[in-house]
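Chemist: A predicted structure for the sequence below; I have some questions about it.
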There are 2 protein chains.
Amino acid sequence: MSKLIGNAIVGQSGGPTAAINATLSGVIRGCFAAHEDGTIGTVYGMRNGIDGLSNGKYIDLSYMWNDEKQLKMLENTPAAALGSCRRKLPDPMGDDAVYTKLFELFRQLDIRYFFYIGGNDSMDTAAKLDKYAKRIGYDIRVMGVPKTIDNDLCETDHTPGFGSAAKYIANTVTEVIADCAVYDVPAVTVIEIMGRDTGWLTSASGAGAAVGNPIPDLIYFPEKVFDLEKLYADVEKALAKHPNVVIAVSEGIRFADGTFVGEDKSGAVDVFGHKQLSGAAKTVASAIKAKFGCKTRGIELNTVQRCASHIASLTDLTESVCIGKEAVKAAIGGASGCTIVYKRVSNTPYTVNYETANVDLIANRIKYLPDSYINAEANGITEECLAYLMPLIAGETEPVYENGIVKHYFF
Amino acid sequence: MSKLIGNAIVGQSGGPTAAINATLSGVIRGCFAAHEDGTIGTVYGMRNGIDGLSNGKYIDLSYMWNDEKQLKMLENTPAAALGSCRRKLPDPMGDDAVYTKLFELFRQLDIRYFFYIGGNDSMDTAAKLDKYAKRIGYDIRVMGVPKTIDNDLCETDHTPGFGSAAKYIANTVTEVIADCAVYDVPAVTVIEIMGRDTGWLTSASGAGAAVGNPIPDLIYFPEKVFDLEKLYADVEKALAKHPNVVIAVSEGIRFADGTFVGEDKSGAVDVFGHKQLSGAAKTVASAIKAKFGCKTRGIELNTVQRCASHIASLTDLTESVCIGKEAVKAAIGGASGCTIVYKRVSNTPYTVNYETANVDLIANRIKYLPDSYINAEANGITEECLAYLMPLIAGETEPVYENGIVKHYFF
């Protein structure tokens, strides 16, 4: 395949993570290497993803591409430094104005490499742009680069961003358990963890077991039906062992009828007339209080778990930079309509390979926590799950503190 | 004053913090030094504070008092490793059985030094034990050692535990602001911070300003009346500046009539018939949604902010160890019915002295955030507040990670 010479553009899309800027740095680093060998002229950054780009919002990133200090600071900054969006592109077989606008800009800027860092919705964007380009015969390499704390992408062993969120969760849950253990009166604490329809992040609440720290007495996953009678039986057993019971629940747990546990079915409204969304933790805590009469507390880890870059996983950030660089290499090698994925080679020593996968195999699909990662009682994780998790949260980064506060990078 | 020879006992009481185990380590270290010079025979630890002790629950801590590795790990463990309690002792001028029981145990174990690490309620315990001992003529030195993330103790410049919680808050708020900034549609995020009736911890949400990080657009303190019309005017101005508005509120903010903003006045009950406590953040977010129609989110930092030892302040942990050692020294020097306090000597360089204060001046009293720390609009902090805060959150500790997870110490 002949060498395609031109400029590159990179964008971030979907929910932020602690590692998406590391991948951005990887793409910028990869583009610089390709600039050195004469393939890529410059690299642009979309502001607010495809949405901002369709309104002509982009910046030239080459000012920083060989500035190690700035790139390092970017890698340790949470969220999406270029800004993000949630926009679904129309059918690329039609002639929607957004494609005309985007490809006009591509021609004008001589964009021949397009990198889109995002989750499964964003892979849909990459897939559509690739199809549209092929349809109109515009020579461009479109690459998806995965990211999501949810770890729910198919075809990849794990996703950039998952390891850091998992590390935050594993450590914070350990700390909360220590906090809960101080009084010797019966009390149940319920911690709600993100992850939408999959239990990957919730499984990380049990990772402390690998180093001998206490872990939640009970862990509930969205892959299994949540049943109140089962909960009561589980809690009764746990309270018989020690007074301070800690439960981790996924935000996505559902009752047998398919409704979310966190949905409020009482029709209660707050003082401003708004329907309350109580959340899974508060609902479960409330049910336990009603049943056992003990003190309960519901804790939502909330968005903090996806942006806690001060406790990011070194494995995750290192791989997230690499996957960005690999995306550039693969595109220069001729790949398009693809995503770069991790293939785990072994656990000890932990090693991964980088491969490409057709973006259609990832877009709009979901990878669930396997049955073999959930214990027989459907309330905890297995050794196999632990073995999967541990390498991903290993290693500490070195955030740059100034007077006790981590400095962030801003474009 | 003649040298009092005997054994020591130390306990932890009230809500846990990230630094209360560092103070425990300081007391143990101080007792070891006093053991070396022949004053203290051994040091015992109460399990679950005065409550456990009155049921005969204690352990001998001398097995670890010259074990640097174990003491270091204890210092980096959050919450109260000996267990805590919330128990108010009866009037020491009466003859309640609890005093008889406790002093029988003191005689039996030859306890001559009593150290109680806690907040203002716990100082009440220290004060009462001291009075009772004096009344019955039992020779013992009773010392309170302060701790509380709330920083609401009188007579001391700040409290052990505050700096670490403040550091967690300053950094986490910075991360949440980065997370909120990724989309360019109007949205308001409200972060709820602990601190009961005082705004010390909430003020730390603005500490990022000292290093050029963005801080919340608006910060509301319990020291000032919370008014919805004022909130709407403030939010309108903030939204005019940028689409992503972040607000920090103290859990203790109240309306003019004295009711907590976080109290639910709609009488709404959840699916189990329990009255909902919506919390200040959710209530404020709900009010803003009703008024402006934009996306809103309420985030409670919850107990995570008091146990996040992985991001503890080095200043805080170092001082927390020192204050424990100083308590032992002061007691040996003859002090009783006292608390050790910090007196700030200067900000640059930051230095503190350790002094004793009569425990009655601290017990059951509250120190509020001064007016000079709150801006004229009552929605932010001043430079004077920043100058007070910054030394307290400075410096990073070195938690011992094993496979990506911080190991904790357990008795």
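Modeler: Noted; the coordinates are in hand. What you see is a predicted model; the values in this text were computed from it and never measured.

Chemist: ok, and for stretch A:402-411, which residues are buried?
Modeler: A:403-409 (16 or more other Cβ atoms under 10 Å in any protein chain shown). (Each C-beta comes from the backbone N, C-alpha and C, glycine too.)

Chemist: what about it and chain B, any contact?
Modeler: Yes: Stretch A:402-411 is in contact with chain B by Cβ under 8 Å from any Cβ of the partner chain, via A:402-408.

Chemist: Repeat that for stretch A:251-259.
Modeler: No: under the criterion of Cβ under 8 Å from any Cβ, chain B is not reached by stretch A:251-259; the shortest gap measures 10.8 Å.

Chemist: mind exporting that stretch as CSV, just the C-alpha atoms?
Modeler: C-alpha atoms of stretch A:251-259 as CSV (Å, rounded to 0.1, in the frame of the first residue of the first chain):
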residue,chain,number,x,y,z
GLU,A,251,-25.8,1.3,39.4
GLY,A,252,-27.4,-1.0,36.8
ILE,A,253,-28.9,-3.7,39.0
ARG,A,254,-32.5,-4.6,38.1
PHE,A,255,-35.4,-6.5,39.6
ALA,A,256,-36.7,-9.6,37.8
ASP,A,257,-39.3,-7.4,35.9
GLY,A,258,-36.4,-5.4,34.3
THR,A,259,-36.9,-2.2,36.2
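
Chemist: on that earlier part again, ok, so of the buried residues of stretch A:402-411, who is nearest residue B:146?
Modeler: The closest of the buried residues of stretch A:402-411 to residue B:146 turns out to be residue A:404 (Cβ to Cβ; 21.1 Å).

Chemist: residue contacts, that closest one?
Modeler: Counting by Cβ atoms under 8 Å, 6 or more residues apart in numbering or on different chains, residue A:404 touches B:167, B:170, B:207, B:313, B:315, B:390, B:393-396.

Chemist: what does residue A:409 give?
Modeler: Contacts of residue A:409 (Cβ under 8 Å, 6+ apart): A:21, A:70, A:73-74, A:76-77, A:81.

Chemist: so what's it scoring on pLDDT?
Modeler: On the pLDDT scale, residue A:409 is placed at 93.

Chemist: Surely it is within a helix?
Modeler: No: assessed with DSSP: H, G, I helix; E, B strand; the rest coil, residue A:409 is coil; it does not lie in a helix.

Chemist: Quick one: residues in contact with stretch A:149-159.
Modeler: Residues contacting stretch A:149-159 (Cβ under 8 Å, 6+ apart): A:15, A:17-18, A:119-120, A:123, A:146-148, A:161-162, A:164-166, A:194-198, A:200-201, A:305-306, A:339, A:341-344, A:352, A:357, A:361-362, A:365-368, A:392.

Chemist: repeat that with 6 Å
Modeler: For stretch A:149-159, the surrounding residues in contact (Cβ atoms under 6 Å, 6 or more residues apart in numbering or on different chains) are A:17, A:120, A:146, A:148, A:161-162, A:165, A:195-196, A:198, A:200, A:306, A:341-342, A:344, A:357, A:361-362, A:365-367, A:392.

Chemist: What about residue A:212, how many residues nearby?
Modeler: A count of nearby residues for residue A:212, using other Cβ atoms under 10 Å in any protein chain shown, gives 11.

Chemist: And for the one 3 residues further on?
Modeler: A count of nearby residues for residue A:215, using other Cβ under 10 Å, gives 21.

Chemist: same thing with residue A:135?
Modeler: 12.

Chemist: Can I take it that it is in a helix?
Modeler: Yes: per three-state DSSP, residue A:135 lies within a helix segment.

Chemist: Mind checking what secondary structure the spatially closest residue to it that is not a sequence neighbour has?
Modeler: Of all residues not flanking residue A:135 in the chain, residue A:92 sits nearest, at 6.5 Å (Cβ to Cβ, 6 or more residues apart in numbering or on different chains). Put simply, residue A:92 is coil when judged by three-state DSSP.

Chemist: In contact with residue A:92, which residues?
Modeler: Residue A:92 touches A:128, A:131-132, counting by Cβ under 6 Å, 6+ apart.

Chemist: Phi and psi next, for it.
Modeler: phi -70, psi -10 (degrees, to the nearest 10).

Chemist: ranges for the helices of the stretch 301-411 of chain A?
Modeler: For the stretch 301-411 of chain A, the helices defined by DSSP state H, counting those that start in this stretch cover A:304-307, A:314-332, A:383-393.

Chemist: Repeat that for chain A.
Modeler: Here chain A has its helices, by DSSP state H, at A:20-36, A:49-53, A:68-75, A:97-109, A:120-136, A:162-180, A:200-203, A:228-241, A:280-292, A:304-307, A:314-332, A:383-393.

Chemist: Going by neighbour count, which residues in the last one are buried?
Modeler: Residues of helix A:383-393 classed as buried by neighbour count (16+ other Cβ under 10 Å): A:385-386, A:388-393.

Chemist: Chain B next: which of these are close?
Modeler: Subset of the buried residues of helix A:383-393 in contact with chain B: A:390, A:393, counting by Cβ under 6 Å from any Cβ of the partner chain.

Chemist: wait, which of the buried residues of helix A:383-393 is closest to chain B?
Modeler: Set against chain B, the nearest of these by Cβ to the nearest Cβ is residue A:393 (3.8 Å).

Chemist: picking up where we left off before, filter the contacts of stretch A:149-159 down to the buried ones.
Modeler: Applying 16+ other Cβ under 10 Å to the contacts of stretch A:149-159 flags A:17, A:120, A:146, A:148, A:161-162, A:165, A:195-196, A:198, A:200, A:306, A:341-342, A:357, A:362, A:367, A:392 as buried.
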